[in-house]
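*Asks:* Give me coordinates for this.
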Amino acid sequence: MKRKHKKYSKPKRPFDKARIEEEAQIIKEFGLKNKKEIWKAEAKINSMREKAKKMINADEETKQKFYGILKKIGLDVKSLADVLSLDRKDYLNRRLQTVVFKKNLAPTVKTARQMIVHKKVIVNGNIINRPSYIVPVELENKITIKGGKKKPKPAKEQEAKEEKKGEEKAEKAEEGKKEKSEEKAQESKPEKTQEEKKESESSEEKAKETEKKGEEK
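*Replies:* From the prediction side, this is the model:
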């Protein structure tokens, strides 16, 4: 039996705050399941860099073959310097999950993952249920959704609609609060007692009598 080797290595400093925050941001951006997927991408990039370092003294034909392999999976490299400058995000951008989201076949990157796992994504006629599948450039335009559903609207448009709905709900809630407060204010006003009414009526009569006396004089 072949011994299974880990396809990644854990960070040497597990409690590095800056690294933890950066990895959390990457998980959110690419909708990853856990940090292992970041470490696997990093291991792949490190492997490419090691090969590039060994090819410094290689002939041009060997280098071009190496560049061709990387170009097939969507990594735009033209020199060894380009290979050495590759980042884990470059590799994560070629995952099926990311490609499905960026082609607007899913409203969010997490939804893209769910669709792939539920076997709703077809690549060149084959169902692919691995979100980590690296999409070759030649198959990028051959990605379809099972059932021939229409492409959903971009996430930004959906977010804008949700924001509008939220604003409308907030406005309605404020209007309702104002109406209730006005009703309460009217209810809280004390009604005039009979004595107060009589006093106001008598004061009005006295005022009228004084006005008449003034006119007679």
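
*Asks:* would you list every one of the strands in the chain?
*Replies:* In the chain, the strands defined using DSSP state E lie at 121-123, 126-127, 143-145.

*Asks:* for Ser132, phi and psi?
*Replies:* phi -90, psi 0 (degrees, to the nearest 10).

*Asks:* Now for the nearest residue to it once chain neighbours are set aside: which residues touch it?
*Replies:* Excluding the flanking residues, the one nearest Ser132 by C-beta to C-beta, 6 or more residues apart in numbering is Arg95, at 5.5 Å. All C-beta spots, glycine's among them, are computed from the backbone N, C-alpha and C. Under the criterion of C-beta atoms under 8 Å, 6 or more residues apart in numbering, the contact partners of Arg95 comprise 30, 131-135.

*Asks:* quick one on the thing from earlier: go through the strands of the chain and name the closest to Lys102.
*Replies:* Shortest distance between Lys102 and the strands of the chain, using C-beta to C-beta, is found for strand 143-145: 10.6 Å.

*Asks:* avg pLDDT for that closest one?
*Replies:* Taken as a whole, strand 143-145 carries a mean pLDDT of 95.

*Asks:* returning to that earlier point: which of the contacts of Arg95 count as buried?
*Replies:* Among those, those scoring as buried are 30, 131-135 (criterion: 16 or more other C-beta atoms under 10 Å).

*Asks:* Report the contact partners of Ile122.
*Replies:* Shown in contact with Ile122 (C-beta under 8 Å, 6+ apart): 128, 143-146.

*Asks:* Tabulate the residues you listed in CSV, adding columns for neighbour count and distance to Lys51.
*Replies:* Shown next, in CSV, are those (neighbours: other C-beta atoms under 10 Å; distance: C-beta to C-beta, whole Å):
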residue, neighbour count, distance to Lys51
Ile128, 17, 26
Ile143, 17, 29
Thr144, 15, 34
Ile145, 16, 36
Lys146, 12, 37
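
*Asks:* Just send the contacts of Arg95 back as a markdown table, with pLDDT and distance to Lys78 too.
*Replies:* Shown next, in a markdown table, are these (pLDDT from 0 to 100; distance: C-beta to C-beta, whole Å):
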| residue | pLDDT | distance to Lys78 |
| --- | --- | --- |
| Phe30 | 97 | 26 |
| Pro131 | 97 | 29 |
| Ser132 | 96 | 26 |
| Tyr133 | 98 | 26 |
| Ile134 | 97 | 20 |
| Val135 | 97 | 21 |
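
*Asks:* which one of those residues sits closest to Ser47?
*Replies:* Ile134 (13.3 Å).

*Asks:* Distance of the residue most central in space within the chain relative to Gly68?
*Replies:* Among the residues of the chain, the one closest to the centroid is Thr108, at 6.4 Å (C-alpha atoms, centre = their mean). As judged by C-beta to C-beta, to the nearest Å, Thr108 and Gly68 stand 34 Å apart.

*Asks:* No further questions, thank you.
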